[in-house]
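Visitor: coords please:
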Amino acid sequence: MEPLALYITFTNFFTSFFKSYFKPLIPFFMEYFNINEPKIFVMMASILTLLSSFSQIFFGYIADKSNKKLEFLYVSVLITMIPIIFLGYVKNIWLLFIIFLIGYMGSSAQEPLGAGISGTIGKEKSTTLAIFMVGGTFGYALGPVFITYFVTHYDLKNAMYIGIIGIIIYTILFFFAYRFFKSHKYLQPKKKRASFFESFKGFKYIAPIWFLTTYRAFISIMFRSYVPIKSRMLGYDLTIGGLLVTLGFLAGAVSNLLGSKLEEKTNVKVVNLIYFSAFSILVFLFSISQNIWMLAISYILADAFMFLTMSVNVHYAQQLLPDNKSFASGALMGVTRAAGNVLITIYSFFFGNNVGFIFNSLWIFGILGIFLTIFTIHKKNMI
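Guide: Residues are numbered from 1 along each chain as shown. Predicted coordinates for the structure are as follows:
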């Protein structure tokens with residue numbers, strides 16, 4: 001594997017690790033701020049993702065044009081670490097929202113650029129892109145269990161030192177990366193620089209897969225957001241919810257690579273059909289479970305199948321827009337999450353406090369996703 005791809009993958013790990021703290025800490029924030037309505041924090045998480053994810057398509061456009069991609073990555077990682085530095089000094093939920101929004105923006109700047117570079121290094125194969133996303137998946141996996149353990153055992157103000165250590169480590173890594181990769185051919189901008197609106201015209205080519213990925217984002221993010229809440233409601237320790245999220249992401253790291261291999265042997269439609277079929281069954285099992293082992297098994301497997309399509313759909317969009325891969329990545333990675341979170345925000349507003357109803361509705365949505373896949377992706381669209 002090319003050294004630049006390894007650096008980009010580690011950057012994605014680092015960014016995801018520091019971005020992943022909010023959702024697993026929702027039960028902690030409910031107790032810390034003495035707010036007993038989970039929908040407030042679920043909606044807050046959705047709005048954070050909404051605002052940052054919509055910006056990915058703009059960051060992707062800028063990244064395609066930029067001739068300072070390494071500096072772009074460095075600054076985005078530093079911004080992502082802002083929440084952990086100030087988390088111990090937050091006194092109200094509005095300040096909490098602001099610092100996490102800043103951090104989320106840093107992540108939204110890094111993701112489309114990293115995916116665009118990885119898709120280029122991959123030479124039209126999805127494996128390098130999948131490995132890039134695996135780096136992010138491991139970050140998302142380790143972050144929740146780390147932060148839930150930390151806030152359970154240590155003073156929250158000490159979290160600042162985690163951010164300082166992170167800045168030092170990544171600055172040292174950036175120094176060596178800049179030295180060896182600053183003139184790398186994959187970091188050079190395209191000679192032909194289209195305007196943003198010209199780039200946006202290409203969106204019509206990725207619209208079907210964008211719509212399907214948005215629907216996937218809606219049901220998968222909703223599911224993951226409510227898993228720690230159900231765990232806590234059943235009387236399990238806060239760290240159990242964080243551990244479940246972590247194990248789900250670790251399983252997803254493996255399935256993401258399997259999905260890319262499966263796509264090479266079949267196509268994007270088959271991979272999405274497998275995902276929605278498995279998701280609907282596993283979420284149904286999760287919704288009726290009370291035993292921690294059944295909850296854990298059904299959630300981990302559901303998360304694994306959620307990741308099966310992660311790099312596959314992005315890679316498919318990059319193939320459809322080969323000259324604007326960061327733009328395509330931003331649309332599939334960011335804007336789909338944003339649109340999905342619009343749906344989550346609306347859905348949570350009406351039903352967010354009824355946790356049982358949320359889980360029962362999600363497996364039905366999974367079944368509907370099977371039919372959406374059949375009708376949105378046709379043979380003439382597949383590459």
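
Visitor: Could you report the neighbour count for residue 350?
Guide: Neighbours of residue 350 under the rule other Cβ atoms under 10 Å: 10. All C-beta spots, glycine's among them, are computed from the backbone N, C-alpha and C.

Visitor: Equivalent analysis for the one 5 residues further on, please.
Guide: The local packing count at residue 355 equals 16, with neighbours defined by other Cβ under 10 Å.

Visitor: what do you get for residue 235?
Guide: Neighbourhood size, residue 235 [other Cβ under 10 Å]: 8.

Visitor: what secondary structure does it sit in?
Guide: With DSSP: H, G, I helix; E, B strand; the rest coil as the basis, residue 235 sits in coil.

Visitor: Distance of it relative to residue 284?
Guide: 23 Å (Cβ to Cβ, to the nearest Å).

Visitor: ok, now residue 346?
Guide: Taking Cβ to Cβ, one finds residue 346 at 23 Å from residue 284.

Visitor: Then residue 73?
Guide: For residue 73, the distance to residue 284 - Cβ to Cβ - is 41 Å.

Visitor: So for the two, which residue has more residues nearby?
Guide: The neighbour comparison of residue 73 against residue 284 (other Cβ under 10 Å) goes to residue 73, with 27 against 19.

Visitor: what's the helix or strand for the more buried one?
Guide: Residue 73 is part of helix 69-80, with elements assigned from DSSP states H and E.

Visitor: List the buried residues for that helix?
Guide: Buried residues in helix 69-80, counted by 16 or more other Cβ atoms under 10 Å: 69-70, 72-74, 76-80.

Visitor: Show residues contacting that helix.
Guide: 8, 11, 14-15, 18-19, 62-63, 66, 102-107, 109-110, 113-114, 117, 167, 170-171, 174, 177-178, 181-182, 187 (Cβ atoms under 8 Å, 6 or more residues apart in numbering).

Visitor: Now it - C-alpha only, CSV.
Guide: Provided in CSV are the C-alpha atoms of helix 69-80 (Å, rounded to 0.1, in the frame of the first residue of the first chain):
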residue,chain,number,x,y,z
LYS,A,69,-4.0,19.6,0.5
LEU,A,70,-1.6,18.5,3.2
GLU,A,71,-2.0,21.8,5.1
PHE,A,72,-5.8,21.5,4.5
LEU,A,73,-5.7,18.2,6.3
TYR,A,74,-3.6,19.4,9.1
VAL,A,75,-5.8,22.3,10.0
SER,A,76,-9.0,20.2,9.7
VAL,A,77,-7.6,17.7,12.3
LEU,A,78,-6.7,20.4,14.8
ILE,A,79,-10.1,22.0,14.5
THR,A,80,-11.7,18.5,15.1
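
Visitor: from the chain's centre, how far out does it sit?
Guide: 17 Å (Cα atoms, centre = their mean, to the nearest Å).
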